[in-house]
Structures are given as C-alpha cells and as structure tokens.
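Visitor: generate a structure from the sequence data that follows.
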Amino acid sequence: MTAGTTPGPLGRIPRGPGVAAGLLSTDRAPGTPPAPTPPAPTPHEPGPSGTTTSAPGTTGSGTSGPGTSALRTSPHGTAGLGTTAPDTIGSGTSGPGTSALRTSPHGTAGLGTTAPDTIGSGTSGLGTSGFGTSAVRLAARFAAALGEVADQAAGPAPTPTASPGYVEREWGDGTASPVYVPVVERVDDALADEVDDRLVRWGERCGFQGEELDQLRKAGFGRLAMLTHTDTDDPDQLLIAARLNAAWWAADDLYADNTDMGATPAELPPRLALAMAAMDPVAPTGEFDEPLEEALRAEPVLRALRSAVEHLERAGTPAQVQRICYSTFTMFVSWTTYAAWRHSGEYPPAWKYLATRQHDTFATSMTLVDPVGGYEVPANLYYDPRVRRALTQAGTASVLVNDLLSVAKDAADAKPVCNMVLQIAADRGCSIEEATEATVALHNKFVHDFEELHASLSAVPSPELQRFLRGLRAWMGGGFEWHNTNPRYRTKF
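Guide: Numbering: from 1, shown residues only. Coordinates of the predicted model:
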C-alpha cells in the first residue's frame, strides 16, 4: 500500500486540508435532509500514449485557483502541478506541495493526487476548482452518513440487549458479578507461541537478560496479540503489537508502577522524557547528540521502544506511527499524574482517577488495530468525535478489566497504585467487594455503550472504518481472555 492513500469503497480516499474540512463537518441542523448522493462517475478509459481521457464533467484545460488541485488530466495532455486524476492516471506526475505517491495501471501520480470519485462536474468557477473541492463529493457521502448517525443518536436510545457477539463471562475466582464482553474470536496457541518465540529473541537483542526474559516469556504478549488482532495470522504483523505492548508494559513496571522493580515516582518524568525521544526522534543537535544516543542505548526499555516503533514504521504509514507516538505520550501524562499522587500520598477521588485513566487505557494498544491488520482508517474518520468515543469506550472497558484483576497486586505495593476499585472503596468507605461490584457495573456500561455506538456507525460507507470497529470489538474480547487466563492477574485479594 502506498503512503497517503487508503483503498476504500470509492477508490483511493484522498487526504489533505480540503478533505479535513469536508469529513469532519458532519453534523447537520435538526430537520436538514442528508446531502444527496452524487451520481457514480463515468469510467475513465486510457488514452493514447498512457494518458487518460477524463469523464464528462471533469476539468479539461481550465486551471484551479491558488493552493488547489489543478490541471487535471484530459485527452489532450497529462496532469501538471497538484494533479487531480482518476486511478487510471497517465504518465504525468504532480509537483511540489503534495502529500503522497499513488500508483495506477497507466502511470504514477505525483504527491497529492486525489481519487477518482472526487472528480466531477461540481467544480466551482469557470473551469476552476476552489480549495479542497476535489474532495467535496466523497466528503458529502461521509457527511451524509455521519449526519444520519448524529440524528439517530438524538432520538431515544435503544434498550441494550445481548447479541451473538457479546456474552456475560465469569472472571477471577467467580465470586463477583460477571462482566459483559465480546466473544473471543480466535484462540490459536501455536500462533501465539510463534509470536512469543520471536518476541523473546527480540527482547534479548534489546538487552533484557535472565529473569527479565523469563518474565517476558511468561507475560505472553504474543498470546495477547493473537487474541486481540484477529484479522491477521501473519506472525510478523502480530509482532508489531507484541513488541509495542511488551515495551509499554516494561516501562510501566520498571519506571512507573512496581517499586520493588525500581520504579520511583520522582524519577518517572525524566525517564519518560527519554522514552519519548526514543520513540519519536528529535532533531539533530550537533555536539549534544552523542550523550543522548548513549542514554537511549543504555536502557533496555528505551531500546525496546525505539525498536518497536521502527518495526511499525516498516509496516505502517507515517500517520499511523505518529498516532501511536502521541497516544503513548498522552498515556505518559497520566502516568506522571499517578506518580504525583503516590509521591504525595494524596490519592484522588474516583471521578478524578477515571478522568485521568481514560487517557491511559488500552485505546493506545487498540490504535494498532489497523496497521497490524494491514490497512489504514482515513484520518478524518479516525479522529471523528464519534469514532474517538467508540475507541475510548472500548479502551476504558478493557482497562477496567485490568483494574478488576490487578486489585491485589496494586494494593500490595509499598506505594499503592491507583486503581478504580480501590478509589471507589476509599470514596464510599465500602468494602472491596462492594467497590468491585460498582466497577463491574461501570465496565458493563462502557461495553453496552460501545455496542450501541458501533451499531449506529454501521451506516458510514467506509470498509476501513467498519473493519476497525470490528477490530475494537475483537480486542475487547481477546483482551479480557488474556487478562483472565494470565498468571500475572491470578492473585486473590
């Protein structure tokens, strides 16, 4: 897959400022009808010498205004700067100011070309197109679908009911109420073992040794990847998730959570600053580069974070890499907040902990769903508030499972770790059992809310988005299975 494009139901999905304006402007005033569906474009036929004949209504020799996608291909020539052309692009390439190479059966389009369905008779002016108008038709389709979703959300919410994709599961020692979770979609122990074998060899190259490697093997991050990323059975793709999750957990244990493993609240912020530099390289600084490089090579955790991101870079797009980096850095902010609470001994009320925890959830791990699956959700859909809410719901539900199964470990630390069960118990002055029931109810609410939102977003005509939402559901089911069967979380309170 070439950078900057995403195969979709309408051809290659364009990106850029014009698309950002179109796809994100999805809400309509009450009573406003959805945008009409534009007619399907006329197929483009290859012209002589590898050029492309334009469909009726496309721009011929007219040029576009400043900053627009100009000079579209026609029967009489190839595209020039800022080419906007169908997939059957001729031999012409576009020039500067564009975003990514795209290929076609008839040649290569330059950086910043747009997709076939975005060209039509709806350009503005006489033979010209305004800023971003090449994306208007595609944007209108998504806007109409997302607008309908918004209208549906404004009406009465349906009563949550169990579906074949969801089930109530016992957990822990079985004494608490069951949790409502998606079904586990795949259990393949041989695949999990293969990914874990590769992961341990990688851990050794990163500098982990002896007992650390044993712990890496027992943690089963290869199994986590197998259970949660069910739309691929390629061990190398699953290793993307296994490596990053192993590196995040190592940083959490060694830097943030476990004082008996060296975690010190006062040292956490500077350690995480170096972790960010390992993941997202800083600009060259001359004489100051060498001491930074020595520091990044000296710590196995930092080497693991750098190596895991480099693996992602080989498989994903620059946008996907940055999603992971900045989701991780947001998570780090929550870690430093927990550290401040632990250092001061002034623990937060449950509401404040939950607000902080929702930026430190398995949503970070779920951000890997599309690169591990080998596709990409267009940015303007990925960052749509409704999609972000679905991701947050799924990630928070999964991290509450972690809190439920980590209560004993977290409470036993010399400096107790923040945990939703513990914070509710402290707030209400109630027993751990009562606080556990409240946390289970909260978890189940997040899952039901995700289930409803997932159903409402099924109207959006993007196979990438639909695959991503199914991936979030699979991650919740697999994540529960991994936690509930992992020896790390089997300690009774």
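Visitor: quick one: contacts for residue 311?
Guide: 239, 240, 243 (CB atoms under 8 Å, 6 or more residues apart in numbering). C-beta here means a position set from N, CA and C on the backbone, and glycine is covered the same way.
Visitor: next, it: phi, psi?
Guide: Residue 311 has phi and psi values of phi -60, psi -40 when expressed as degrees, to the nearest 10.
Visitor: from residue 239, how far out is it?
Guide: From residue 311 over to residue 239 the distance is 7 Å, taken as CB to CB, to the nearest Å.
Visitor: same check on residue 203?
Guide: Applying CB to CB, the value for residue 203 to residue 239 is 12 Å.
Visitor: poorly predicted segments of the stretch 351-493 of the chain, please.
Guide: Applying pLDDT under 70 to the predicted model, the residue ranges of the stretch 351-493 of the chain that meet it are 491-493.
Visitor: work out for me the element the closest residue to residue 332 other than its chain neighbours sits within.
Guide: Spatial nearest neighbour of residue 332, excluding adjacent residues (CB to CB, 6 or more residues apart in numbering): residue 272 at 4.5 Å. Taking DSSP states H and E as the criterion, residue 272 maps to helix 268-279.
Visitor: give me the helices and strands touching that helix, please.
Guide: The helices and strands touching helix 268-279, judged by 3 or more CB pairs under 8 Å, 6 or more residues apart in numbering; DSSP states H and E, are helix 235-251, helix 289-298, helix 300-315, helix 318-344.
Visitor: next secondary structure after the longest one?
Guide: Beyond helix 318-344 in the direction of the C-terminus, DSSP H and E gives the next helix or strand as helix 350-357.
Visitor: distance check, residue 467 against residue 321.
Guide: Counting by CB to CB, the gap from residue 467 to residue 321 is 20 Å.
Visitor: and these two? Which one has more around it.
Guide: Residue environment comparison for residue 467 versus residue 321 gives the larger neighbour count to residue 321, 18 against 15, counting by other CB atoms under 10 Å.
Visitor: ok, the more buried one touching residue 310?
Guide: No: the pair formed by residue 321 and residue 310 falls short of the contact definition of CB atoms under 8 Å, at 9.5 Å.
Visitor: wait, isn't residue 487 in contact with residue 218?
Guide: Yes: with contact defined as CB under 8 Å, residue 487 counts as touching residue 218 (6.6 Å).
Visitor: which neighbours do these two share?
Guide: With CB under 8 Å, 6+ apart as the test, residue 487 and residue 218 reach no residue in common.
Visitor: ramachandran angles for residue 430?
Guide: Given degrees, to the nearest 10, the pair of backbone angles that residue 430 has is phi -110, psi 180.
Visitor: which residues of the stretch 51-200 of the chain score low on pLDDT?
Guide: Counting by pLDDT under 70, the stretch 51-200 of the chain has low-confidence residues at 51-164.
Visitor: dump the C-alpha coordinates for the helix holding residue 272 into CSV.
Guide: This file holds the C-alpha atoms of helix 268-279, laid out as CSV (Å, rounded to 0.1, in the frame of the first residue of the first chain):
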residue,chain,number,x,y,z
LEU,A,268,9.4,9.0,36.4
PRO,A,269,9.0,12.2,34.4
PRO,A,270,12.7,12.4,33.2
ARG,A,271,12.6,8.8,32.3
LEU,A,272,9.5,9.2,30.2
ALA,A,273,11.1,12.3,28.5
LEU,A,274,13.8,10.0,27.2
ALA,A,275,11.2,7.4,26.3
MET,A,276,9.6,10.0,24.0
ALA,A,277,12.9,10.7,22.4
ALA,A,278,13.4,7.0,21.8
MET,A,279,10.0,6.7,20.1
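Visitor: tell me the mean pLDDT for that helix?
Guide: Predicted confidence along helix 268-279 averages 95 (mean pLDDT).
Visitor: residues in contact with it?
Guide: Helix 268-279 is touched from outside by 251, 255-256, 292, 295-296, 299, 301-303, 305-306, 309, 324-325, 328-329, 332, 335-336, 339, with contacts defined as CB under 8 Å, 6+ apart.
Visitor: tell me what angle that helix forms with helix 318-344.
Guide: Between helix 268-279 and helix 318-344, the angle comes out at 170 degrees (axes from the mean of the first three to the mean of the last three CA atoms, to 10 degrees).
Visitor: now do the buried residues in helix 268-279.
Guide: Neighbour counts over helix 268-279 (16 or more other CB atoms under 10 Å) mark 268, 271, 272, 274, 275, 276, 277, 278, 279 as buried.
Visitor: same check, this time on stretch 210-220
Guide: Within stretch 210-220, the residues that qualify as buried by neighbour count (16+ other CB under 10 Å) are 212, 215, 216, 219, 220.
Visitor: what's the answer for stretch 421-440, then?
Guide: Within stretch 421-440, the residues that count as buried by 16+ other CB under 10 Å are 421, 422, 423, 424, 425, 427, 435, 436, 437, 438, 439, 440.
Visitor: would you point out the most distant pair within those?
Guide: Farthest apart among the buried residues of stretch 421-440 by CB to CB are 427 and 440. That separation is 16.4 Å.
Visitor: quick one: the residue nearest to residue 332 from residue 396, how far?
Guide: The separation that residue 272 has from residue 396, given CB to CB, amounts to 22 Å.
Visitor: likewise for residue 294?
Guide: As judged by CB to CB, residue 294 and residue 396 stand 39 Å apart.
Visitor: quick one: which of the two has more around it?
Guide: residue 396 (24 against 9).
Visitor: returning to that earlier point: Throw the helices and strands packed on helix 268-279 into CSV and include mean pLDDT and distance to residue 460, thanks.
Guide: As requested, those are arranged in CSV below (pLDDT from 0 to 100; distance: least, CB to CB, whole Å):
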stretch, mean pLDDT, distance to residue 460
helix 235-251, 97, 25
helix 289-298, 96, 41
helix 300-315, 97, 25
helix 318-344, 94, 19
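Visitor: by neighbours, which of the contacts of residue 311 wins?
Guide: Most neighbours among those, by other CB under 10 Å: residue 243, with 27 neighbours.
Visitor: run through the residues that contact the residue lying closest to that one once chain neighbours are set aside.
Guide: In this structure, residue 243 finds its nearest non-sequential neighbour in residue 308, 3.9 Å apart by CB to CB, 6+ apart. Residues in contact with residue 308, defined by CB under 8 Å, 6+ apart, are 240, 243, 244, 246, 247.
Visitor: with respect to residue 461, which of those residues is nearest?
Guide: Ranked by distance to residue 461 (CB to CB), these are led by residue 240 at 28.1 Å.
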